[in-house]
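Novice: My questions concern the predicted model and sequence given below.
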Amino acid sequence: MKTSDPTRTCIRQHLRLARSESQKQSGFISVELGLALLVVAVLSVAAVTMYSNNLRQTSITQNITEIQNIASSAKAAYGLSNQYGSVTTAVAVRSHIIPAHLRDGTAATATNSFGSAITVVPANGTGTNDLLTLTWGNVPANQCTEIVSGVSPSMRRITVASTVVKVLDSALNIATSTSACETNTSDGVVSIAFDIGRS
């Protein structure tokens, strides 16, 4: 009859215990790894959302600045001397009313950051040719309201698609503006006409 070797028995017990501990640790590592991946996924989604919001806000700010600069330059160059009647897009581009970085190379045309042609034409307000209409197209619906609100104080009248959201020399109608920005678009973009007045 064989007698069990106490040393071997002890070694076997230690090996069994070590295997059991290893399996427990492996289970914990899997759970910890899963939690870490979940945290990384949540942080990635948050980062992408924040990045998208930052891009949107940067675009809004940039377009407001460009539109206001064009309006200010137009008033200074042609409004004070009652010369709006002779201003065309080509004149606005060549006289640098429209900033050089928006000009299409050396052509007498310009394009906004949304890829739409910028146009400037004389318009009538309370008199003949006492306004310039600046058309800003392809404005994303989710930026329209903020852009309109941002430039409203500088404009005499604003039209989103075919809806007048700021009646001549009146306050901007926020409800009408918001509705027009969302409902006058079939492809997610809208055209806005800004009427610049004399100073």
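Specialist: Structure received.

Novice: Please pull out the lowest mean pLDDT helix or strand from the chain.
Specialist: Least confident element among the helices and strands of the chain, by mean pLDDT, DSSP states H and E: helix 6-74 (a mean of 79).

Novice: and stretch 133-149, how far apart are its ends?
Specialist: Stretch 133-149 has its terminal residues 17 Å apart, counting by Cα to Cα, to the nearest Å.

Novice: Same question for it: list its buried residues.
Specialist: Within stretch 133-149, the residues that count as buried by 16 or more other Cβ atoms under 10 Å are 133-141, 143-149. Yep, even glycine has a C-beta here, placed from its N, CA and C like the rest.

Novice: before we move on, what about stretch 69-81?
Specialist: 70, 71, 73, 74, 75, 77, 78, 79.

Novice: And for stretch 148-157?
Specialist: Of the residues in stretch 148-157, 148, 149, 150, 151, 152, 154, 155, 156, 157 count as buried by neighbour count, 16+ other Cβ under 10 Å.

Novice: With stretch 103-122 instead?
Specialist: Burial within stretch 103-122, assessed by neighbour count using 16+ other Cβ under 10 Å, is assigned to 103, 110, 111, 112, 116, 118, 119, 120, 121, 122.

Novice: now the buried residues of stretch 148-157 in TSV, with distance to residue 173?
Specialist: Output for those, formatted as TSV (distance: Cβ to Cβ, whole Å):
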residue	distance to residue 173
148	10
149	11
150	16
151	15
152	10
154	17
155	13
156	14
157	12
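
Novice: with those in mind, which one is nearest to residue 192?
Specialist: Using Cβ to Cβ, residue 148 comes nearest to residue 192 of the buried residues of stretch 148-157, at 6.5 Å.

Novice: any idea how far that closest one lies from residue 142?
Specialist: For residue 148, the distance to residue 142 (Cβ to Cβ, to the nearest Å) stands at 13 Å.
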